[in-house]
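# I'd like to go over a predicted model; first the sequence, then the structure.
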Amino acid sequence: MNETAARHPNRFLADLTQAMRSTAETARQATIDQCQDDAKAYTEKLHARTDDEAASLRKAAEADVSAIRDWSKAEMERIRVETEQRISRRRELLEQELQEYNSAIEREIEQVQGRVASFETEVASFFEQLLQEADPTVFASMAAQMPDPPSFEDADRGSVKPDLRERREQIMRSAPVGETRMPAAKPSGNGSGSLPAVDTTELIGGSPSTPAKAAVVESTQVVVVGLVSVASIATFKRQLGRLPGVKNVGVSSGPDGEFIFTVGHGDDVSLSSLVPTLPNFQARITSETDGVLNVSAHDPEAEG
């Protein structure tokens, strides 16, 4: 009796364990099946949503492509208009440049004619004095002092005035002020971006016209005492003509044995500072008045 009572509970536990295992296996399979069903349903949902999202992305891309084409057309039109405007302004500027150049040429021609007239007057005065001299020695000495003709050199006129040059640079600038740029697309329902209005700002520049400064030529009489030889007079004249800023030099004899050198020079030339630098003559400024410079010089030829 005792042995039978002891075995019955063990059998019950074994059967209970077996039933629990069977139930657990059934639950495990049911859980796996449920997971697979849920995963399948979610995958089908993802496929359906992917198709919708792909369609939305394609629609947004097409809208952006259309916006880019519209921007490109507007930009090409802006460039065409800008090109025509800049060409027109450059041609207008050319007319002003030609007018300025022709005016400069006319002014220079007038200056040349004035210098020729001045030289003719100087030569006439020189020969009037020369032909009155009867002494052959004095005549030869005076003849050696015949005025040299003025030299004519190309003036640095410049192609255009500063304000015209500035306008040209603005017209030819490679990056126009009115340039438009393609913006980034702004997030929206269809993914398209808005385009800016085309800016066709003109580039007409230039400051108020500034008159070109004409070269000013002044004349100074350098009255020199101490020169006696024809060679020294000619050398002194030649050295004067080589001074910086000196345009031309003429020479004539004075009533008291002095020699008068008429020097044409720029308005920024200081003859009182330059004449003492002439080599070998030991030139010294004795006095200076308006347009007249009195100089005492040593004749190097008189040393012998």
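That came in fine, so what should we check first?
# How are the helices of the protein distributed by residue range?
Secondary structure of the chain (DSSP state H): helices at 2-130, 136-143, 162-172, 230-241, 271-274.
# relative orientation of the third one and helix 2-130 in degrees?
Counting by axes from the mean of the first three to the mean of the last three C-alpha atoms, to 10 degrees, helix 162-172 lies at 150 degrees to helix 2-130.
# Run through the neighbouring helices and strands of helix 162-172.
Packing partners of helix 162-172 (3 or more C-beta pairs under 8 Å, 6 or more residues apart in numbering; DSSP states H and E): helix 2-130. Every residue, glycine included, has its C-beta placed from N, CA and C.
# Return the list of helices and strands in contact with the helix it packs on.
Helix 2-130 packs on helix 136-143, helix 162-172, strand 246-253, going by 3+ C-beta pairs under 8 Å, 6+ apart.
# if you compare the ones you listed, which one is most tucked away?
strand 246-253 (a mean of 21; mean count of other C-beta atoms under 10 Å).
# Tell me which strands that strand pairs with, and in which orientation.
Pairing partners of strand 246-253, with direction, according to DSSP bridges: strand 259-266 (antiparallel).
# Which residues does the strand it pairs with contact?
Residues outside strand 259-266 that contact it (C-beta atoms under 8 Å, 6 or more residues apart in numbering): 115, 122, 145, 150, 215-224, 227, 233, 236-237, 240, 243, 245-254, 271.
# looking at the helices and strands packed on helix 2-130, which is closest to Glu95?
helix 162-172 (10.7 Å; C-beta to C-beta).
# tell me the average confidence for the closest one?
For helix 162-172, mean pLDDT rounds to 79.
# chain center to that helix: distance?
Taking C-alpha atoms, centre = their mean, to the nearest Å, the mean C-alpha location of helix 162-172 is offset from the chain mean by 9 Å.
# and if you look at stretch 216-232?
46 Å.
# List the buried residues of it.
Across stretch 216-232, burial judged by 16 or more other C-beta atoms under 10 Å covers 217, 220-224, 226-227, 232.
# Show me where this structure dips below the pLDDT cut-off.
Scanning the chain for pLDDT under 70 picks out the ranges 1-9, 154-160, 174-215, 303-304.
# List the buried residues of stretch 254-273.
259-265, 269, 271.
# Identify, from those, the entry nearest to Ala55.
Nearest member of those to Ala55, counting by C-beta to C-beta, is Val269, at 86.8 Å.
# Nearest spatial neighbour of the closest one, chain-adjacent residues omitted?
Excluding the flanking residues, the one nearest Val269 by C-beta to C-beta, 6 or more residues apart in numbering is Gly245, at 3.6 Å.
# The one you found: how many residues sit nearby?
Neighbourhood size, Gly245 [other C-beta atoms under 10 Å]: 16.
# quick one: contacts for it?
By C-beta under 8 Å, 6+ apart, the residues touching Gly245 are 265-266, 268-269.
# can you tell me how far it sits from Thr289?
From Gly245 over to Thr289 the distance is 20 Å, taken as C-beta to C-beta, to the nearest Å.
# what's the answer for Leu94, then?
50 Å.
# More neighbours: the two, which one.
Between Leu94 and Thr289, Leu94 has the larger neighbour count (other C-beta under 10 Å), namely 13 against 8.
# Could you check how far the more buried one is from Gly291?
From Leu94 to Gly291 the distance is 43 Å (C-beta to C-beta).
# likewise Val249?
15 Å.
# cool, and Val225?
In terms of C-beta to C-beta, Val225 sits 18 Å off from Gly291.
# mind listing what the most centrally placed residue in the chain touches?
When C-alpha atoms, centre = their mean is applied to the chain, the residue found nearest the centroid is Glu169 (6.5 Å). For Glu169, no contacting residues are found, by C-beta under 8 Å, 6+ apart.
# What of the one 3 residues further on?
If you count contacts by C-beta under 8 Å, 6+ apart, Met172 has them with Arg90.
# what sits opposite Phe259 in the beta ladder?
Assessed by DSSP bridges, Phe259 has beta-bridge partners Val224, Ser253.
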